[in-house]
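Participant: sequence unknown, structure follows:
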């Protein structure tokens, strides 16, 4: 049975590039096995070959577009059919869109809702049940510092990340008496393909991005320690500003955020 072979297994979504790829790399560096999920099968194959060549680990790849309705349950069923136990769930897949809410394509915004909120919530629901049954597991949900404030010109993206943080924190407390931890990773601007895909790379928010490796090291370490939240940004000043942002007048925050997200 594969679950007796693939010990210390992490399921990572959005694994073909950026933070997801770096999470996969550090997990295998520590001797862990992987289930990698992303839309791009070619990139997944390349990463599987690379990681298995460098490390004595098992890497299972599952191409899947988690923005599609029902995709999360199909992924869960596929992993169940492989009889692999997931010890670490790292929900990293996400997309963003820049623009005014009423002008952006509703179809694209629904894709974002499905991926950033529905899929991450459903996968956590499905896999946490097995973790509770075995009284063992760790969950890392990639949120964002964007979730700390409302985000004009990325209204739904910021809202989706607020959901991820709030949801992760709440179920962490629900599992207080279990050997299961839930950590929310809150990166700031990060050097990934996400910025170019979403269009946010053309805004001043991305003037000083953090490396994906630095973000995943922060997130992975926090997950192992069972921390509730970890903010990963490029400077101590940014971290300090984010820690006190809730005390600023909301109208000023909204105005400043809008200006920062207007394209250069």
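Facilitator: Good, I have the coordinates. Keep in mind it's a predicted model, so treat the numbers as computed, not measured.
Participant: All the strands of this structure, in order from the start?
Facilitator: Counting by DSSP state E, the chain has strands at residues 9-13, 33-38, 59-63, 88-91, 137-142, 180-187, 190-191, 210-211, 229-232.
Participant: any idea which of those scores lowest on pLDDT?
Facilitator: Among the strands of the chain, strand 190-191 carries the lowest mean pLDDT, at a mean of 64.
Participant: distance of residue 177 from residue 225?
Facilitator: Using C-beta to C-beta, to the nearest Å, residue 177 is found at 19 Å from residue 225. In this view, the C-beta of every residue, glycine as well, is placed from N, C-alpha and C.
Participant: Pick out whichever of the two has more residues nearby.
Facilitator: Higher neighbour count among residue 177 and residue 225: residue 225, with 11 against 7, using other C-beta atoms under 10 Å.
Participant: helices and strands of this structure: which one bottoms out on pLDDT?
Facilitator: Least confident helix or strand of the chain, by mean pLDDT, DSSP states H and E, is helix 193-198 with a mean of 58.
Participant: In this structure, where is pLDDT below threshold?
Facilitator: 1-6, 190-210, 234-244, 246-247, 250, 263-264 (pLDDT under 70).
Participant: switch to 90 and redo it
Facilitator: For the chain, the stretches flagged by pLDDT under 90 are 1-7, 56, 149-150, 188-216, 232-264.
Participant: how about the closest residue to residue 224 other than its chain neighbours, what does it touch?
Facilitator: Nearest non-adjacent residue to residue 224, counting by C-beta to C-beta, 6 or more residues apart in numbering: residue 138, 7.3 Å away. Applying C-beta atoms under 8 Å, 6 or more residues apart in numbering to residue 138 gives the contacts 87-89, 180-183, 223-224, 226.
Participant: Using JSON lines, lay out those residues together with distance to residue 8 and neighbour count.
Facilitator: Compiled in JSON lines, the contacts of residue 138 are given as follows (distance: C-beta to C-beta, whole Å; neighbours: other C-beta atoms under 10 Å):
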{"residue": "87", "distance to residue 8": "6", "neighbour count": "20"}
{"residue": "88", "distance to residue 8": "8", "neighbour count": "24"}
{"residue": "89", "distance to residue 8": "13", "neighbour count": "27"}
{"residue": "180", "distance to residue 8": "15", "neighbour count": "21"}
{"residue": "181", "distance to residue 8": "16", "neighbour count": "20"}
{"residue": "182", "distance to residue 8": "19", "neighbour count": "26"}
{"residue": "183", "distance to residue 8": "17", "neighbour count": "26"}
{"residue": "223", "distance to residue 8": "13", "neighbour count": "24"}
{"residue": "224", "distance to residue 8": "12", "neighbour count": "14"}
{"residue": "226", "distance to residue 8": "16", "neighbour count": "13"}
